[in-house]
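missing the sequence, but the structure's below:
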């Protein structure tokens, strides 16, 4: 159903363009957004398979957002967490300083599965919860329905809290690389909402 929804959304975007001149569509996770400079930076999804993203394409894509506000969805949330693997106990981030993707081993503290967004454990709470004294980070993944508390070496607590958060998924329609004609915030769009 999710795959079908993704297809319908992509098709709808292309249909909106009209038949005169077709462009291309690219999708990925936002790691930086400069509202004043009108630039969005994201790591492209290698697979484009809903529910099974693979954010591993470097360098990051940088696009100028549409000048027409009607072609722009909600402003994207920024985050550098690309993957949380609770089987391998690793968290993968995009390191802004080195502009590289890093896979970081962590020590698990607690893990709760099948935690939906309306669960009292996560509802109305802001994640990640970074405890610099205890050297722990609590992360909630809505897509994976996972609530995880993990411990990292002290060096990582000098990084911004957004490092451990997942940025919004966006889909861009473009004719010229680097210049978005349309931007859809997939994370904040409910295509089934009437």
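In hand now; what should we look at? All figures in this text were calculated on a predicted structure; none of them were measured in a lab. Numbers count the residues shown, from 1 in each chain.

How is residue 156 assigned, secondary-structure-wise?
helix (DSSP: H, G, I helix; E, B strand; the rest coil).

residue contacts, the nearest residue to it once chain neighbours are set aside?
The shortest distance from residue 156 to any non-neighbouring residue, by Cβ to Cβ, 6 or more residues apart in numbering, is to residue 104 (7.1 Å). Every residue, glycine included, has its C-beta placed from N, CA and C. By Cβ atoms under 8 Å, 6 or more residues apart in numbering, residue 104 lies in contact with 90, 91, 92, 93, 152, 156.

What separation do you get for the last one and residue 168?
Here residue 156 is placed at a distance of 23 Å from residue 168 (Cβ to Cβ, to the nearest Å).

Can you list the buried residues in stretch 71-81?
Using 16 or more other Cβ atoms under 10 Å as the test for burial, stretch 71-81 gives 72, 73, 76, 77, 78, 79, 80, 81.

For the residue nearest to residue 48 when sequence neighbours are not counted, give the beta-bridge partners.
Nearest non-adjacent residue to residue 48, counting by Cβ to Cβ, 6+ apart: residue 27, 5.9 Å away. Beta bridges link residue 27 to residue 171, judged by DSSP bridges.

List the residues that contact the closest residue to residue 81 other than its chain neighbours.
Nearest residue to residue 81, sequence neighbours excluded (Cβ to Cβ, 6+ apart): residue 166, at 4.8 Å. The contact partners of residue 166, by Cβ under 8 Å, 6+ apart, come to 29, 79, 81, 82, 141.

Distance to residue 57 and secondary structure added to those residues, as JSON lines?
Shown next, in JSON lines, are those (distance: Cβ to Cβ, whole Å; DSSP: H, G, I helix; E, B strand; the rest coil):
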{"residue": "29", "distance to residue 57": "11", "secondary structure": "strand"}
{"residue": "79", "distance to residue 57": "17", "secondary structure": "coil"}
{"residue": "81", "distance to residue 57": "16", "secondary structure": "strand"}
{"residue": "82", "distance to residue 57": "11", "secondary structure": "strand"}
{"residue": "141", "distance to residue 57": "21", "secondary structure": "strand"}
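
Let me have these in TSV, adding pLDDT and distance to residue 62 as columns.
Converted to TSV, the contacts of residue 166 look like this (pLDDT from 0 to 100; distance: Cβ to Cβ, whole Å):
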residue	pLDDT	distance to residue 62
29	96	14
79	98	17
81	97	20
82	97	17
141	95	26
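
Understood, closing this out.
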